[in-house]
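*Asks:* show me the folded form of this:
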Amino acid sequence: MPFISVNGAAIHYAAEAPPGASGGPAVLFLHGAGGTQEHWRFQVRHVGPRWRAMSVDLPGHGDSQGEGYLTIPEYRDFVRALLDALGISRAVLVGHSMGGGIAQSLALSSPDRLAGLVLVGTVARLRVHPDIFETIRQDLAEAGRLISQWAYSQSALPATVAQAALAFARNRATVLEGDFRACDAFDLMHEIAAIRVPTLVLCGQEDRLTPVKYARFLQEQIPGATLEIIRGAGHLVMLEKPVEFNRALTAFLEAHLGTAA
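*Replies:* Have a look, this model is predicted:
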């Protein structure tokens, strides 16, 4: 997987594209707090044969250099710089949780850079339970277990949840806490009605971190937005139900990018 320099840091990303594809809008996937580009592995592989698809380790996450950021606007500005570094003038942004907050912020500040917006397991105000902050400070492994338990549906296999817990616990505590601080300060409740980008809202029916009622709020507030609720999935809907997720994503991309890049 390649690296690219953004703001002086080596940033790791995954990319797939149809043979000979160049130019035109791309599809950029943004992970949530404490995540990595691996959260999008099923989507990049699915989308790549038809459109340029990329997922990124945000600064300080996965294999990317950096310390992470403490605010959503800082992450937003990073994504804009990443698009510039990759030579992408317009993209469909697919953002999960914190990544969805980043995508909303970019849609408001730079709508000309977006061909579409897919908001996944996210809300217009990302409040964080105090237990998460306390547990990160006291026991990073326990924080990983707590986050992963909330992130999956009740029907998820225990081994899947345990594997996710280990992945979250690999974060540096400062980066993980910084992500959740950025989320906790994020609030676009009174601004999202100004978004004028084609938007799809996706949510797992059993999402306990960003429940369906908040997805409905996004759909109601963003003009022309559509909502897909996926049964049997929790917060990490793209990992729990990739077939159903990819079906909804593909229909949206076909509508707004055409049949191929």
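*Asks:* for the closest residue to Leu239 other than its chain neighbours, which three-state class applies?
*Replies:* Closest residue in space to Leu239, ignoring its immediate chain neighbours: His39 at 6.4 Å, by CB to CB, 6 or more residues apart in numbering. In short, each C-beta sits where N, CA and C put it, glycine included. Of the three states, His39 takes helix according to DSSP: H, G, I helix; E, B strand; the rest coil.
*Asks:* number of nearby residues for His39?
*Replies:* By other CB atoms under 10 Å, the residues close to His39 number 23.
*Asks:* surely it touches His31?
*Replies:* Yes. When contacts are counted by CB atoms under 8 Å, His39 is listed as touching His31 (4.7 Å).
*Asks:* find residues that contact each of these two.
*Replies:* Shared contacts of His39 and His31 (CB atoms under 8 Å, 6 or more residues apart in numbering): Ser55, His96.
*Asks:* hmm, back to that, which ones are touching the residue nearest to Leu239?
*Replies:* Phe29, His31, Gly32, Ser55, His96, Leu236, Met238, Leu239 are the contacts of His39 under CB under 8 Å, 6+ apart.
*Asks:* do Phe29 as well
*Replies:* Taking CB under 8 Å, 6+ apart, we find Phe29 in contact with 37, 39-40, 43-44, 53-56, 94-96, 99.
*Asks:* out of those residues, list just those in helices.
*Replies:* Counted as lying in helices by DSSP state H, out of these, are Gln43, Val44, Gly99.
*Asks:* what's the neighbour count on the second one?
*Replies:* Using other CB under 10 Å, Val44 has 19 other residues around it.
*Asks:* so for it, what's the pLDDT?
*Replies:* For Val44, the model assigns a pLDDT of 97.
*Asks:* close enough to count as contact, Pro18 and Val27?
*Replies:* No. Contact criterion CB under 8 Å: Pro18 and Val27 do not qualify, at 12.0 Å.
*Asks:* what residues are shared contacts of those two?
*Replies:* In contact with both Pro18 and Val27: Trp51, Arg52, using CB under 8 Å, 6+ apart.
*Asks:* so for these two, which sits in the more crowded spot?
*Replies:* With other CB under 10 Å as the criterion, Pro18 and Val27 differ in neighbour count, and Val27 comes out ahead with 29 against 14.
*Asks:* next, Glu228: secondary structure please.
*Replies:* Going by three-state DSSP: Glu228 is strand.
*Asks:* and it, how far from Arg76?
*Replies:* 25 Å (CB to CB, to the nearest Å).
*Asks:* all the helices of the stretch 1-150 of the chain, in order from the start?
*Replies:* Assigned by DSSP state H, counting those that start in this stretch, the stretch 1-150 of the chain shows helices spanning 41-47, 72-86, 98-109, 130-138, 140-151.
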